[in-house]
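Visitor: Structure here, sequence nowhere to be found:
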C-alpha cells in the first residue's frame, strides 16, 4: 500500500499519464487519417477540405468506397468530407477512443504489476464495469437507428480491424511503462531505506566514538 505521506500524483505517475494520453490522442486522430488516406484523401487535403471545390483532378476512391458506394457521391467529389463518409471517420475515432479507455481500465487492475502477473479477472467487478459500457458502444454503433441518432454509422469487419490495430498497442505501452515504474519504485524504496538506516547507524556509532574520546582524554591526563 502507498504510505499516507506519499503524494497522490508522483512525477513518474504524471509522466506516465502524459505518455499514454499522448498515444490516445495520436491513435484517435490517426485512425481517421488512415481511413481518409485509404480512400484517396491525404492529410494536407483533409486539413484544407473547405477548398475542395477548387481542386483539379481530385477523385477519392478506395476499398471502403467500392464496398459501400453510399459513402461517396461521384457527382460531388467533396461529399467525401460530409455525410456518411464524415460519420464513418468519426465513428472510427470514437471506437478507437472507447476501446483504448476500456483496455486501459483492464490494465489498471494493478498500477505497476504486469497483466501477466495480475490479470483483469482477478477483479470481476472491473470486468463488468468494462463490459457494460463497451456493450453500449457496440449497440450505438452497430444498430443503425441508434447510430443515426448519434450521427455515427455502422462499422465493417475491415473498420474493426483498423480500430483494433490502433487500440491494442496501448496495452504494450502500458506494460512498458509498468516495467519502468517497477524500476522507479525499487530505486525509491532503496533511497527510503538508506535514508532511514543512516540516522540509526549514526546513533549506534555515536556512543562508541564518545567512549573512545573519553579514553583518549583520560590517557592524556595521565
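Guide: It's in. Since this is a predicted model, take the numbers as computed values, not measurements. Numbering: from 1, shown residues only.

Visitor: Now residue 32: phi and psi?
Guide: When read as degrees, to the nearest 10, the backbone of residue 32 gives phi -70, psi -50.

Visitor: And for residue 68?
Guide: Torsion angles, degrees, to the nearest 10, at residue 68: phi -140, psi 90.

Visitor: and it, what does it touch?
Guide: Neighbour list for residue 68: residue 156 [criterion: C-beta atoms under 8 Å, 6 or more residues apart in numbering]. Heads up, the C-betas are built off the backbone N, CA and C, glycines and all.

Visitor: Mind pulling the model confidence for it?
Guide: If you check residue 68, the pLDDT there is 84.

Visitor: With residue 63 instead?
Guide: Confidence score, pLDDT, at residue 63: 83.

Visitor: Leaving out chain neighbours, which residue sits closest to it?
Guide: residue 38 (6.6 Å; C-beta to C-beta, 6 or more residues apart in numbering).

Visitor: before we move on, what about residue 122?
Guide: residue 109 (6.2 Å).

Visitor: again with residue 106
Guide: The shortest distance from residue 106 to any non-neighbouring residue, by C-beta to C-beta, 6+ apart, is to residue 120 (4.3 Å).

Visitor: And for residue 110?
Guide: Using C-beta to C-beta, 6+ apart, the nearest residue to residue 110 is residue 118, at 4.1 Å.

Visitor: What is the three-state secondary structure of the one you found?
Guide: Secondary structure, DSSP: H, G, I helix; E, B strand; the rest coil: residue 118 is coil.
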